[in-house]
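> sequence and predicted structure below; questions after.
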Amino acid sequence: MADRPGLPDGLVVVVKQDCATCRLVEPVLGELASRSELTVYTQDDPGFPGGVDPVDDTSLAVSWHHDIETVPSLLRVEAGVETERTVGWHRQRWEALTGIDALGVDLPDFRPGCGSLSVDPDKVDELRVRFGASTLRSRRVEFAEAEDEVEAMFDRGWTDGLPVVPPTEARVMAMLEGTTRAPDEVIASIPPNLAEGTVEKIAVNAVMAGCRPEYLPFVIAAVEASCSDSFNMHGLLATTYFSGPVIVANGPGTTRIGMNSGMNALGQGNRANATIGRALQLIIRNLGGGAPGGVDRATLGNPGKYTFCFAENEADSPWTSLAAERGFAADATTVTLFAGEGVRAVVDQLSRKPESLARSFAASLRSVGSVKLALAFDAMLVVSPEHARVFAEAGWDKDRLHAELAELLTIPGSDLVRDHDGIQEGLPEGFAGSDIPKFRDGGLLIVHAGGKAGLFSGIIGGWVSGASGSQTTTVEVRT
Amino acid sequence: MKVLDPTDEVRSAERSVNPRPEALDDLVVGLLDISKARGDVFLDRVEEVLNGRGITTKRYAKPTFTKPAPVDLRHEIAEQCHVVIEALAD
């Protein structure tokens, strides 16, 4: 990295010739030069402004490192430290900052400045690499000119089976603009190899997944949540079972980054949903070293292991959000990680009474894992707007639905024991005399999402539940 | 084109495994149950066969099959046994 250039003491002005306000203040700069210690940096024309012997900053190193966003910028520097700054032309402010009266008396009182070349959208990616990239520690991998970069990344085993975006320095630097965290901050140990999950490595994989910079805080939070001891990503990766990490996002940030919580919320087509979930899987694969056939031993897997991420539709929900139920403030943006398998449908187009619809849900929920097993798997019930309306119109809040479902899903042990109904799978005979809840306390999650039309809801079955398997884990998204 | 390496840039640490012994005579054999269904049935039978041949066995179990064996358990087995047989699969 080019070292951060210092500023000389006295007054410092940064200008470009291609700025009407800079040209307007040219005589003022001459006046200041004659009455004060003045250094003028010029961003485009080394000969401008005349009469003040400007310093060439066409490399934009000074402008970049001192965060010049507007020209002209007038700074006061004392003992190498900037103490004051004003931008554009504003006579009173220039007079106050310089301590010199009657500056530019022939000029208008005020003219706004122009954009600094160091923040020009056409230049900023390149400047970021030139001045900042060497802070990145990742090994540089060079592809041959004749090599197709997408194929090169397939060859190295860096993809989930779909093409990835090449993580160039410029793209990774741009990605890191999405967070205030330092690139070397370690977010988590990434299983299975317990690799150091730095912000930088997360950003590299987020680029590959196709994320925009503003998604990065969501990916970081998803890494933090999934690589916790409570969520147990290692076990979830290694299992022969179907499941993988499912991300449910809540809060105002989901709207700001354009996540889909509505029509086709669990499906394809939304960039934020698709790439945040994909980034997490790429991080486990590339950084953690967890790939199918290696530590990932899934018998069948499920398509959600490419990506499974959606937002809860809070705006139209009659209920408390998932995040609020889990103790987070309504204005918090969160990700909740659930160890889930595929989505199955609950079709009920006829129930108009909540009692009937709840029974419909319960009957379908009994099949999670196996109709003969209980307390083994959690589940997430994704209630669509049309179904939620049936409960809302009858005054059922979410707690009421939870309570009714818990009652409906308390099953006589005799129905669950081995060999009952001609099925050898089941609970040990000793459970025959008890009533058994299908789900452990807190093991059934309810979220609201989906398009406005359709009397369908969805069930996402879970994995081994509780402390011996995976516990649903929520983390706040912080920039 | 130059890209940044998305991996941890180290191969998994090579874990050297002792060579498989020719015979189990005079060795202590650890039997590790990972707590999956019917793993105990398998290990019971292995233990019966080994003991029938006069070979000493010791039983161990992971708290849950979903997580790696705790480091203390691994150390205990390494200290107390010469070889270990793990009931691994479903």
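Sure thing, it's come through.
> and the next element down the chain from the one helix or strand in chain B whose mean pLDDT sits lowest?
Every helix and strand of chain B was ranked by mean pLDDT, DSSP states H and E. The lowest is helix B:71-80, at a mean of 84. Under the assignment DSSP states H and E, the closest C-terminal helix or strand after helix B:71-80 is strand B:83-87.
> report the beta-bridge partners for the closest residue to residue B:76 other than its chain neighbours.
Nearest residue to residue B:76 in three dimensions, chain neighbours excluded: residue B:60, at 7.3 Å (CB to CB, 6 or more residues apart in numbering or on different chains). Where you see a C-beta, it was placed from the backbone N, CA and C, and this is true even at glycine. Note on residue B:60: beta-bridge partners residue B:32, judged by DSSP bridges.
> contact partners for residue B:60?
B:30-33, B:73, B:76-77, B:84 (CB atoms under 8 Å, 6 or more residues apart in numbering or on different chains).
> could you work out the most separated pair of the residues you listed?
B:33 and B:76 (14.0 Å; CB to CB).
> list the contacts of residue A:281.
Contacts of residue A:281 by CB under 8 Å, 6+ apart are A:160, A:244-245, A:305-307.
> quick check, it in a strand?
No. Going by DSSP: H, G, I helix; E, B strand; the rest coil, the assignment for residue A:281 is helix, not a strand.
> tell me what angle the top helix by length along chain B forms with strand B:83-87.
Longest helix in chain B by number of residues (criterion: DSSP state H): helix B:39-52. Between helix B:39-52 and strand B:83-87, the angle comes out at 150 degrees (axes from the mean of the first three to the mean of the last three CA atoms, to 10 degrees).
> buried residues, stretch A:225-245. List them.
Residues of stretch A:225-245 classed as buried: A:225-227, A:231-239, A:241-245 (neighbour count, 16 or more other CB atoms under 10 Å in any protein chain shown).
> before we move on, what about stretch A:210-229?
Buried residues in stretch A:210-229, counted by 16+ other CB under 10 Å: A:210-227.
> again with stretch A:142-149
Quick answer for stretch A:142-149 (16+ other CB under 10 Å): A:143, A:149.
> contacts for it, please.
Residues contacting stretch A:142-149 (CB under 8 Å, 6+ apart): A:152, A:166, B:1-3.
> start and end of that stretch, how far apart?
10 Å (CA to CA, to the nearest Å).
> average model confidence for that stretch?
Per-residue pLDDT over stretch A:142-149 has a mean of 82.
> show me how far it is from its chain's centre.
Here stretch A:142-149 is found 30 Å from its chain centre; the criterion is CA atoms, centre = their mean, to the nearest Å.
> is stretch A:341-356 up against chain B anywhere?
No. Figure legend: stretch A:341-356 not in contact with chain B (CB under 8 Å from any CB of the partner chain); closest approach 15.1 Å.
> which parts of the stretch 351-479 of chain A sit against chain B?
A:464, A:468-470.
> kindly recompute the last result at 6 Å.
By CB under 6 Å from any CB of the partner chain, the residues of the stretch 351-479 of chain A that approach chain B are A:464, A:468-469.
> nearest spatial neighbour of the residue nearest the centre of chain A, chain-adjacent residues omitted?
The centre of chain A sits closest to residue A:218, judged by CA atoms, centre = their mean, with a distance of 2.1 Å. Leaving out its chain neighbours, the residue that sits closest to residue A:218 by CB to CB, 6+ apart is residue A:276, at 4.9 Å.
> rounded mean pLDDT for the host helix or strand of that neighbour, please.
Secondary structure assignment for residue A:276, by DSSP H and E: helix A:271-282. Mean pLDDT, helix A:271-282: 98.
> quick one: name the residues of chain B near chain A.
When proximity is defined as CB under 6 Å from any CB, chain B approaches chain A at B:1-9, B:12, B:64, B:66-67.
> quick one: which of those sit in strands?
B:2-4 (DSSP state E).
> which residues does the residue of the stretch 51-200 of chain A found nearest chain B bridge with?
Chain B sits closest to residue A:195 of the stretch 51-200 of chain A, with a gap of 3.5 Å, by CB to the nearest CB. Judged by DSSP bridges, the bridge partners of residue A:195 are residue A:190.
> need the contacts of residue B:60 in JSON lines (columns: neighbour count).
Shown next, in JSON lines, are the contacts of residue B:60 (neighbours: other CB atoms under 10 Å in any protein chain shown):
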{"residue": "B:30", "neighbour count": "18"}
{"residue": "B:31", "neighbour count": "23"}
{"residue": "B:32", "neighbour count": "22"}
{"residue": "B:33", "neighbour count": "17"}
{"residue": "B:73", "neighbour count": "15"}
{"residue": "B:76", "neighbour count": "15"}
{"residue": "B:77", "neighbour count": "19"}
{"residue": "B:84", "neighbour count": "16"}
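> what domains does the record give for chain A?
Domains of chain A are assigned by automatic domain parsing as A:10-133, A:155-476.
> which residues touch the residue nearest to residue A:418 when sequence neighbours are not counted?
Using CB to CB, 6+ apart and skipping residues adjacent in sequence, the residue nearest residue A:418 is residue A:426, 4.0 Å away. Applying CB atoms under 6 Å, 6 or more residues apart in numbering or on different chains to residue A:426 gives the contacts A:372, A:416-418, A:420.
> again, only using 7 Å
When contacts are counted by CB atoms under 7 Å, 6 or more residues apart in numbering or on different chains, residue A:426 touches A:372, A:416-420.
> what's it sitting at in phi/psi?
In terms of degrees, to the nearest 10, the main-chain angles of residue A:426 are phi 150, psi -180.
> and the contacts of residue A:426, which of them are buried?
Counted by 16+ other CB under 10 Å, the contacts of residue A:426 give A:372, A:416-417, A:420 as buried.
> can you classify whichever residue of the stretch 301-450 of chain A sits closest to chain B by secondary structure?
Scanning the stretch 301-450 of chain A for the residue nearest chain B gives residue A:339, at 9.8 Å (criterion: CB to the nearest CB). State at residue A:339, reduced to three classes by three-state DSSP: strand.
> any stretches of chain A with poor pLDDT?
For chain A, the stretches with pLDDT under 70 are A:1-2, A:133-134.
> mind doing that once more with 50?
Along chain A, the model assigns pLDDT under 50 to residues A:1.
> same check, this time on chain B
Within chain B, the set of residues satisfying pLDDT under 50 comprises B:12-14.
> near chain B, which residues of the stretch 201-350 of chain A?
Residues of the stretch 201-350 of chain A lying close to chain B by CB under 7 Å from any CB of the partner chain are A:201, A:204-205, A:208, A:232, A:234-235, A:239-240, A:286-287, A:289.
> which one among the residues you listed gets closest to residue A:104?
Nearest to residue A:104 among those, counting by CB to CB, is residue A:204 at 49.8 Å.
> residues contacting that closest one?
By CB under 7 Å, 6+ apart, residue A:204 lies in contact with A:138, A:167, A:172, B:4, B:6.
> among those residues, which are located in helices?
Here DSSP H is the test, and the contacts of residue A:204 give residue A:172 as lying in helices.
> which one of the contacts of residue A:204 has the most neighbours?
Counting neighbours by other CB atoms under 10 Å in any protein chain shown, the top entry in the contacts of residue A:204 is residue B:6, with 29 neighbours.
> about what we covered before: select only the buried ones of the residues of chain B next to chain A in ChimeraX?
Selection of buried members from the residues of chain B next to chain A for ChimeraX, criterion 16+ other CB under 10 Å:
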select /B:3,4,5,6,7,8,64,66,67
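> now for the residues of chain B next to chain A, which pair is the farthest apart?
B:1 and B:64 (44.9 Å).
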